[in-house]
Each structure stands twice: as C-alpha cells, then as structure tokens.
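Undergrad: fold the following, please.
(one chain, ligands or ions: 1)
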Amino acid sequence: MNESSSSLSPLISPTTTAPPVVDALQASYTPNAPNTNQWPPKLPPLYGKLKTFLFPVKDPYFTLRSMGDAITPNPLLSPQFLLRDPECLVDRIPCPICQVKLNRHDEIPRPRRYVTLTGHVWVIGYRYRCLSCVNPLSGKKTRTFRSWDPRILAGLPTSLLASFPATFTHRGGLANDVFSLMRVCLQSGMGAGQLSDALQELHHLRHDTCRLQYLDHLVEHRSVERRSQQRSNKTFQIFPSFDDRTSNGPMSFVPSAQWLRDMYDQFIEDHRQDINQHMSMLSSDVCAIDHSHKITKHIAKIDGERVFCGLLTITNQLGEIRSCNLVATKAHSQFEFVLKKIRDSLKLYGHSQPKLFFTDNMQDKAFLEASFPSLREGVTPVEKYGHLELFKLPPGVRVLIKDNVTSINLAMFFLRMAVHGSTPFDVVCHRSQLRVYHPQPSDTQAPSPTTPSAEVSTSVTPALESVGIESAIPDSIPHSSISLDSSAIGVEFVPRFDAWQPM
Ligand SMILES: [Zn+2]
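TA: Okay, here's the model as predicted:
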C-alpha cells in the first residue's frame, strides 16, 4: 500500500481530499507488501497476526476517552476498511484469459465501497498483472486485473470466497447479509422501496446515536471541568450532519430502491438456470392454474399494444410456482407446451402425476384431462349418478370440527387402527366408545340409511367427510363394516396399546 496520502485521496472523491478517511486508513494499516517470489508468502499483518479481513475499529467510547481535551467528531466518523488481497493466501491465481499465474502489480488507488446494514465499508484491493497477455489499448504486456474482479473471484477456492462479505456491481456493492435480508424482504412482500427506507432509517439511527454519544461526552467533559474549577472557554466542533458531503462529513450513502431492485434482478438473472432446475424438480400432486394480468401492465408496449395479455402461473400443493409463463392470449395453445413439460419433468424425476387441478375456468377441464390423463383415474363422473337424490345428513349425526394438529392426528390414528385392525377391538375412552367389528353373516345387511343412529354406516361417512378425513377409509373396505360413535372422534382417548406410531 502506498504510504502517500495522494494515492489515498480518491477514497472519497477524485477532487477532494478526506483527512479523516486517510488518517483512519493510515493509522490502521501498516504497508507490508509480501514478496511474490516467496511461497508461502509473508502475510500482511492484518492476515498474519489479526487473522481477519476487516481492519479493527476502536469503539467510539474509547476514541472519545483518548482525545483528552482536543475533542473532535472526526475520529468518530472514521469508516471501516477491508483488505482484499487473495494472492498471498493461495498458491496461484490463474489469468482468466491464458491461465498463467498472475503477479501482484500494485495497489488500487480507489477503494470500493459496499453498504452494510448501518453504514458502509471501504475495500482496499490490489491489481494483478499477467506477464503474457497483451493490453488491447497499449499493445504492451500490461494486462491487469483487480482483486475483486468476478473473473478473479471465479478462480479462487470457494472456502476463501465465502469470507468475502460483499456483492459488487459495476459501481457499488452490498454486504452479503444485507443482500440476504433483501431477498427475504422481497420474497415476503416487502418491496425494494420499503427496504431502501429501512436502510435509510438504520443509517440515520447509527449516525444519530454516534452524535448523541459525542454530545454526552462533551457534557460530561464540561461537568468534570466544573468540578475541578478549570472551566475553559474552549468551543467544540459541531457534529457533522448525515448529509454533509464535505471532506469532514460522514460521506453517507444509502442505496435507492431502483438500485436494490437492479441488484436483485441481476441475482435472479445469474441464477436463472438453477431456479429453473429447482422448479422443474418440484412435485405437483395438486395444481392450480391461473392468469394474472397485473404484471403485464408494467411491461413495455409496442405501438401502444401489449405484447402479453397475462402471466400464466401454475402452482403445486405447497403454493410453490411450478411454471410461470407470459402468454399472448388465454388460448389453450399458449400453455399446452408448458403442461407437456410439467408432465415430462414429473415423470423424469419420479413424481406422481397430478391428481387434482384447480382452475377458475371450467372450460379448461377437457384440456387439462387430455394433458394429464391421471386426472381421470379413479374419478366417477357425477353425470353417472345424476338421477339420484342429493344426500343429506341424517338427523342425529353430529359434525365435529377438529382445528388443531393433536386432535386431528388422534382422530386419524383411531380411524386407521379401526380400519386396518385385524381383530375386533374396543377402545375405551372417557366419554364414548369406538368399536370396529367384522361383519358377521347376519350383519352384512346394511342398516337402513334413514335410521337415525350413530351406529350405522350412513351416519358415519358424512361425519368423516365433514372433517375431511374420508380418505382414511379405503374403498376396499365397505363402510358398513365400520361402526363408531361419531362423537368419539377426537375426544381424549386412552389407548390400550403399548406402542403405536403417530401418523
Ligand atoms: Zn494472461
């Protein structure tokens, strides 16, 4: 690192010098460029002794205490620095073009800044030179690469990359934890504008906290002078405001909503293949298909006409997007190919084909059934029994709604035990009784559906259906073989079985 302050002045701006920044950097960094011909090279003190990439920062309290009577706010505004020099940490860094080992050339005079949750950090980097590649501008072998160049990062071990705490764009950078926060916020419905406002508030809060600490220290300093009767008429500097852009100001920067949005879009673009691959590997037992016409309002038009009329989205039973496509019309031909791809990917990755499809347009029924033949399996058309009267719950059947996991699981457990039990058994419970028996020759005659008794099959099935657990009873077992008091479902049973596995 060059010791001259002139090489460090662009920390803030090419046209202004920044004494606090320069002083802070030079106070925390001792140049000790390692010899590139030596391996393992001698590490910079920051790496070799402190074992960190970030320069240690003194707490504002100790900074104020160490000032004595010369209290100024500048040391409190000193930024944090990070040294990015991976060349001394690995055996070799290959040239991105010719794969020849790169050599350290010099330090980069203008550190880069990345934004953290409450402030920002300046990254000091190095320039690495390839001795065989020719610079296309100068025609000489002066081709260099910066230490934060994505092509350089791509040639580093992933374990070392994991310690690089920021993501850089062309002109800025964002700390990885802030980027992760942005992903969570955007996925949870919080927009980039709100996130930018939140960062603005956090940065202001830190600045105001620091300012308050400075003022409190001045008050304490005055009170100490008063007690010792050494009051002086010395005045102190005003703490710079958050928006102060002078060389003594905090040089604050908070990314805008558009900048954050661009960062996120770039991330999505970079991981498009991975996201598509993940999406194609999701299961789709139950699907829902729908058109959205909101996003297309924000897509550019051609000659005043919209290119796309809607966004077709297919989700699975977990609400995960299984397919997402812009369509020009709502015709079936627009998503026939998409459905075929879903069917093929389900087969490829060993998933079952869809059993159910939700749609708001019943005209899709035949088309969906043609795309997924599995939708027709085990389905009896309503038209086949259209002549029958609508079934009504017989009197005496009580509908019990189970609204928590424990009661539902308990009811399901006893129903399963009842259905799959090999011998008749009774379960004694506090208030009711659940009993399953194999139909005897005299019992094969199903009781009359009109009998208002909880012991008959027709009074049981609606009760089971009402709590959504009719699937617990396989069709192979006639419901007439099950007899239970519906009021017993989900009450606190006292099982007599020594061991049972919860479902
Ligand atoms: Zn090269």
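Undergrad: tell me where the chain has strands.
TA: Taking DSSP state E to define them, one finds strands in the chain at 80-84, 103-107, 112-115, 120-129, 144-146, 166-168, 173-175, 286-292, 310-315, 321-327, 356-359, 425-428, 433-436, 482-484.
Undergrad: including distance to the ion, could the ones you listed go into TSV?
TA: In this view, the C-beta of every residue, glycine as well, is placed from N, C-alpha and C. Listed next are the strands of the chain as TSV, based on distance: least, CB to the ion, whole Å:
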stretch	distance to the ion
strand 80-84	20
strand 103-107	11
strand 112-115	23
strand 120-129	9
strand 144-146	9
strand 166-168	22
strand 173-175	26
strand 286-292	49
strand 310-315	45
strand 321-327	41
strand 356-359	56
strand 425-428	78
strand 433-436	79
strand 482-484	78
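Undergrad: so for residue 44, which of the ones you listed sits nearest?
TA: Residue 44 sits nearest to strand 80-84 of all those, at 6.5 Å, using CB to CB.
Undergrad: packing partners for that closest one?
TA: Under the contact definition 3 or more CB pairs under 8 Å, 6 or more residues apart in numbering; DSSP states H and E, strand 80-84 sits against helix 19-28, strand 120-129.
Undergrad: and if we set it to 6 Å?
TA: Applying 3 or more CB pairs under 6 Å, 6 or more residues apart in numbering; DSSP states H and E, one finds that strand 80-84 makes contact with strand 120-129.
Undergrad: okay, the angle between the strand it packs on and strand 80-84?
TA: Interaxial angle, strand 120-129 versus strand 80-84 (axes from the mean of the first three to the mean of the last three CA atoms, to 10 degrees): 20 degrees.
Undergrad: pairing partners for strand 120-129, with directions?
TA: strand 80-84 (parallel), strand 103-107 (antiparallel), strand 112-115 (antiparallel), strand 144-146 (antiparallel) (DSSP bridges).
Undergrad: let's have those strands in TSV, adding mean pLDDT.
TA: TSV is the format used below for the strands paired with strand 120-129 (pLDDT from 0 to 100):
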stretch	mean pLDDT
strand 80-84	92
strand 103-107	89
strand 112-115	93
strand 144-146	92
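Undergrad: whatever residue of the stretch 351-500 of the chain ends up closest to the ion: what's its closest spatial neighbour, skipping adjacent residues?
TA: Residue nearest to the ion within the stretch 351-500 of the chain: residue 351 (47.1 Å; CB to the ion). Using CB to CB, 6 or more residues apart in numbering and skipping the chain neighbours, the partner closest in space to residue 351 is residue 283 (4.5 Å).
Undergrad: shouldn't the one you found be in contact with residue 352?
TA: No - look at residue 283 against residue 352 with CB atoms under 6 Å: they stay out of range, at 7.4 Å.
Undergrad: who has more neighbours out of those two?
TA: Legend: neighbour count by other CB atoms under 10 Å for residue 283 and residue 352, higher for residue 283 (16 against 11).
Undergrad: state the distance from residue 377 to residue 129.
TA: Note on residue 377: its distance to residue 129, by CB to CB, to the nearest Å, is 67 Å.
Undergrad: who has more neighbours out of these two?
TA: Taking neighbours as other CB under 10 Å, residue 377 and residue 129 compare with residue 129 leading, 18 against 9.
Undergrad: helices or strands up against the biggest helix by length in the chain?
TA: Longest helix in the chain by number of residues (criterion: DSSP state H): helix 192-227. Other helices and strands packing on helix 192-227, by 3+ CB pairs under 6 Å, 6+ apart, are helix 257-270.
Undergrad: how about 8 Å then?
TA: Using 3+ CB pairs under 8 Å, 6+ apart, helix 192-227 sits against helix 60-65, helix 176-187, helix 257-270.
Undergrad: export the strands of the chain to TSV and tack on distance to residue 394?
TA: What follows is those, written out as TSV (distance: least, CB to CB, whole Å):
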stretch	distance to residue 394
strand 80-84	75
strand 103-107	87
strand 112-115	68
strand 120-129	72
strand 144-146	80
strand 166-168	65
strand 173-175	65
strand 286-292	31
strand 310-315	38
strand 321-327	42
strand 356-359	29
strand 425-428	24
strand 433-436	19
strand 482-484	15
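Undergrad: out of these, which comes closest to residue 279?
TA: strand 321-327 (6.5 Å).
Undergrad: what's next to that closest one, contact-wise?
TA: With contact meaning CB atoms under 8 Å, 6 or more residues apart in numbering, strand 321-327 is reached by 279, 282, 284, 287, 291, 296, 299, 307-316, 334-335, 338, 341-342.
Undergrad: again, only this time at 10 Å
TA: Applying CB atoms under 10 Å, 6 or more residues apart in numbering, the external contacts of strand 321-327 come out as 275-276, 279-280, 282-284, 287-289, 291-292, 295-296, 299, 307-316, 333-335, 337-339, 341-342, 345-346, 354.
Undergrad: what's the answer for stretch 265-272, then?
TA: So stretch 265-272 is contacted by 150, 167, 169-170, 179, 182-183, 186, 192, 275, 277-278 (CB under 10 Å, 6+ apart).
Undergrad: give me the buried subset of the contacts of strand 321-327.
TA: 279-280, 282-284, 287-289, 291, 296, 308-316, 334-335, 338-339, 342, 345-346, 354 (16 or more other CB atoms under 10 Å).
Undergrad: picking that back up, ok, which of the strands paired with strand 120-129 comes nearest residue 247?
TA: Each of these has some distance to residue 247 by CB to CB; the shortest is strand 112-115, at 15.8 Å.
Undergrad: can you list the weak-confidence ranges in this structure?
TA: 1-41, 231, 421-503 (pLDDT under 70).
Undergrad: relative to residue 195, how far out is the residue nearest the centre of it?
TA: Central residue of the chain (CA atoms, centre = their mean): residue 184, 4.3 Å from the mean position. According to CB to CB, residue 184 and residue 195 sit 10 Å apart.
Undergrad: I figured residue 135 was touching residue 142, is that so?
TA: Yes - taking CB atoms under 10 Å as the definition, residue 135 is a contact partner of residue 142 at 4.6 Å.
Undergrad: hey, what's in contact with both of the two?
TA: residue 129.
Undergrad: alongside the ion, which residues does the stretch 51-200 of the chain contribute?
TA: Within the stretch 51-200 of the chain, the residues that sit near the ion (CB under 5 Å from the ion) are 95, 97-98, 100, 130, 133.
Undergrad: for the ion, give me its nearest residue in the stretch 151-300 of the chain.
TA: Counting by CB to the ion, the stretch 151-300 of the chain gets nearest the ion through residue 151, at 10.8 Å.
Undergrad: for the nearest residue to that residue once chain neighbours are set aside, give me phi and psi.
TA: Closest residue in space to residue 151, ignoring its immediate chain neighbours: residue 96 at 3.7 Å, by CB to CB, 6+ apart. Dihedral angles of residue 96 (phi, psi; degrees, to the nearest 10) stand at phi -60, psi -20.
Undergrad: look up how far residue 188 lies from residue 292.
TA: As judged by CB to CB, residue 292 and residue 188 stand 19 Å apart.
Undergrad: same question, residue 156
TA: In terms of CB to CB, residue 156 sits 33 Å off from residue 188.
Undergrad: go on, residue 48?
TA: Taken as CB to CB, the span from residue 48 to residue 188 is 43 Å.
Undergrad: looking at the two, which is more packed in?
TA: Just comparing residue 48 and residue 188: by other CB under 10 Å the higher neighbour count belongs to residue 48, 13 against 7.
Undergrad: could you verify my assumption that that one touches residue 88?
TA: Yes - at 9.2 Å, residue 48 counts as touching residue 88 under the criterion of CB under 10 Å.
Undergrad: contact partners for the residue of the stretch 151-300 of the chain closest to the ion?
TA: Residue 151 neighbours (CB under 10 Å, 6+ apart): 94-97, 145.
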